[in-house]
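Visitor: let me see the structure of the following:
(one chain, ligands or ions: 1)
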Amino acid sequence: MKDLLAKLSKLNDKYSMFTTITADKDAGDSKFLFSAKDGLTSKDMETKCGSRILEGYRPVFDATAIAKMREAGGKLIGKTNMDEFGFGSFSTNSPFGVPKNPYDLERSCGGSSGGAACAASVIEYHVALGVSTGGSVCCPASFCGVYGLVPTYGRVSRYGVIDNGNSLDKVGLLSSCPFQIAKFLPIISGKDPKDPTSCCQPELEIKGKKIKSVAVPENALDGLSKDVRSGFNASLDTLRGMGIDVEMITMPSLKYAIPAYYIIETSEASTNLASYVGMRYGRQDGDLSLKFDDYFNYFRTEYFGDETKRRIILGTYARMAGLRDRYYSKSLRVRLHIISSYKEILKEHDAVLTPTMPFVSPRFDEISNMSPVESYSADRLTVPPNLTGMPHMSVPCGYDGNGMPMGMQIVTDHWQEDRLLTFAKEWGAVFDVRRPEVPL
Ligand code: GLN
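Guide: Down below sits the predicted model:
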């Protein structure tokens, strides 16, 4: 398989989608090839989670999702590039090169699973494991013109997921082919004794249940770019043509999702990151004659990126005694309110539908001019379903005048992945995906 290795290296030179390429001479004997986001631990293989602080970390175990793919006969060909610890929407917070969009190299692949979406886009029938906390599967899927599925929280074990926000993290799948996603979801799903939050009740059943009616929250369409608005409207017409009932509704709770998410996520992430001090994982090459807090300070100052430091400060502040009720506990109550507003709508409809992102992938020069708050608010459509733990999927649904892809996001009730997969397969038959030109 020297050939495969050479091909992947060539692709990587152009797109920077992998942080490690692992294809070896046995790859030809495997039933299928897959990649995994570098936030999933892989045995004996460097796992950096987009961070310099983890350079050199070789886990002694596989994440359950990776282990299950291997047990099914899969070969891991590479670990994909990402924003540091999953913090970002454009994969520009990676110190290991920034993944480039296969439709335009001047633009982002989205984030934080940007490398995964890039691999899914350029390698035909490839299946990539990603992780979503607040949109990191659907956002890059939308920007790279592929399908991206986030299952119900607990459907897939989090064992071996390097934690961002534990109550939010979910392992998902990306591919240019919806049938591949339907094929591999059952393989990675199921209760795992190593993750007490994983669950097999109810069982994943792929029975071909359909989506017959969708609710579109009109207030979610404010502030869309012109292209996304018209692409989305055209998709609504296609849905009606497929016999799906489309009803416009309002969902006022959506506007609280971003503030609640960024409090919950940074609170959880800031505690998780406390373990990275240059002693246990990754880099441990500091000056041991220093006092312990100077030693820790040195590592964290030197090897965490700016966005990671921002989230540690924000999350630590939100959890401080005296402020906890005002921020963290309140955000948890807001989260419950958002869950019940979805539940209410899903009594009447099979799914809630919005565009995935408010715009097509931005250029890198545009991203560098965005403030953190502008960049956080880009997640306003992907964050709500992630807060609820409900399964959701981004499917490619259009292209702008420059040929840049856009996606729409479908959310069903907890454990209703079957409907998403059935929908994606039907959508695949009516919507013509334009694959990017790849120099292979
Ligand atoms: N863009 C969101 C954030 O930066 C979501 C990231 C994610 O899902 N890991 O938090």
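
Visitor: any idea how far the residue of the chain most remote from its centre is from residue 3?
Guide: Relative to the C-alpha centroid of the chain, counting by Cα atoms, centre = their mean, residue 289 is the outermost residue, at 40.8 Å. Per Cβ to Cβ, to the nearest Å, residue 289 is found 50 Å from residue 3. (Each C-beta comes from the backbone N, C-alpha and C, glycine too.)

Visitor: likewise residue 183?
Guide: From residue 183 to residue 3 the distance is 25 Å (Cβ to Cβ).

Visitor: same thing with residue 239?
Guide: 42 Å.

Visitor: then residue 215?
Guide: Counting by Cβ to Cβ - residue 215 and residue 3 are separated by 49 Å.

Visitor: ok, those two, which is more surrounded?
Guide: residue 215 (23 against 10; other Cβ atoms under 10 Å).

Visitor: these two touch, right, that one and residue 247?
Guide: Yes: between residue 215 and residue 247 there is a contact at 5.5 Å, judged by Cβ atoms under 8 Å.

Visitor: now do the shared contacts for these two.
Guide: Residues touching both residue 215 and residue 247 (Cβ atoms under 8 Å, 6 or more residues apart in numbering): residue 349.

Visitor: how far out from the middle of the chain is stretch 93-107?
Guide: Centroid separation for stretch 93-107 versus its chain: 16 Å, with Cα atoms, centre = their mean, to the nearest Å.

Visitor: is that stretch in proximity to the ligand?
Guide: No: contact of stretch 93-107 with the ligand (Cβ under 6 Å from any ligand atom) is absent, the minimum separation being 8.4 Å.

Visitor: quick one: end-to-end length of that stretch, please.
Guide: Taking Cα to Cα, to the nearest Å, stretch 93-107 runs 14 Å from one end to the other.

Visitor: same question, stretch 71-86
Guide: 27 Å.

Visitor: and it, what's buried?
Guide: 72, 74-86 (16 or more other Cβ atoms under 10 Å).

Visitor: which two among the residues you listed are spaced furthest apart?
Guide: 72 and 84 (30.4 Å; Cβ to Cβ).

Visitor: all strands of the stretch 251-400 of the chain, in order?
Guide: Here the stretch 251-400 of the chain has its strands, by DSSP state E, counting those that start in this stretch, at 351-355, 392-399.

Visitor: what angle do the longest one and strand 351-355 make?
Guide: For strand 392-399 and strand 351-355, the angle between their directions (axes from the mean of the first three to the mean of the last three Cα atoms, to 10 degrees) works out to 40 degrees.

Visitor: do strand 392-399 and the ligand meet?
Guide: No: counting by Cβ under 6 Å from any ligand atom, the ligand has no neighbours in strand 392-399; the shortest distance is 12.1 Å.

Visitor: strand partners (parallel or antiparallel) of that strand?
Guide: Taking DSSP bridges as the criterion, strand 392-399 forms sheet pairs with strand 147-150 (antiparallel), strand 405-411 (antiparallel).

Visitor: give me the angle between the following helix or strand past the first one and strand 392-399.
Guide: The helix or strand immediately downstream of strand 147-150 is strand 170-175, counting by DSSP states H and E. When the same axes, to 10 degrees is applied, the directions of strand 170-175 and strand 392-399 differ by 30 degrees.

Visitor: strand 170-175 packs against which elements?
Guide: helix 114-122, strand 127-132, strand 147-150, helix 178-188 (3 or more Cβ pairs under 8 Å, 6 or more residues apart in numbering; DSSP states H and E).

Visitor: chain center to the second one, what's the gap?
Guide: Going by Cα atoms, centre = their mean, the spacing between the C-alpha centre of strand 127-132 and its chain's C-alpha centre is 7 Å.

Visitor: packing partners of it?
Guide: strand 32-37, helix 64-71, helix 114-122, strand 170-175, helix 178-188.

Visitor: the last one - what's its average pLDDT?
Guide: Right, helix 178-188. Per-residue pLDDT over helix 178-188 has a mean of 98.

Visitor: now stretch 270-282
Guide: Mean predicted confidence for stretch 270-282 is 94.

Visitor: how far does it sit from the chain's center?
Guide: Distance, stretch centre to chain centre, for stretch 270-282: 23 Å (Cα atoms, centre = their mean).

Visitor: just use 597 as the starting number from now, easier for me
Guide: Okay, residue one is now 597; in that scheme the one you just asked about reads as stretch 866-878.

Visitor: do any residues in that stretch lie close to the ligand?
Guide: No: judged by Cβ under 6 Å from any ligand atom, stretch 866-878 makes no contact with the ligand; its nearest approach is 12.4 Å.

Visitor: quick one: residues in contact with that stretch.
Guide: For stretch 866-878, using Cβ under 8 Å, 6+ apart, the contacting residues are 644, 647, 649-653, 681, 759-762, 880-882, 891-892, 894-896, 899-900, 904, 907-912, 915.

Visitor: if you set the cut-off to 7 Å instead, what comes out?
Guide: Outside stretch 866-878, the residues that touch it by Cβ atoms under 7 Å, 6 or more residues apart in numbering are 649-653, 759, 880, 882, 891-892, 895-896, 904, 907-908, 911-912.
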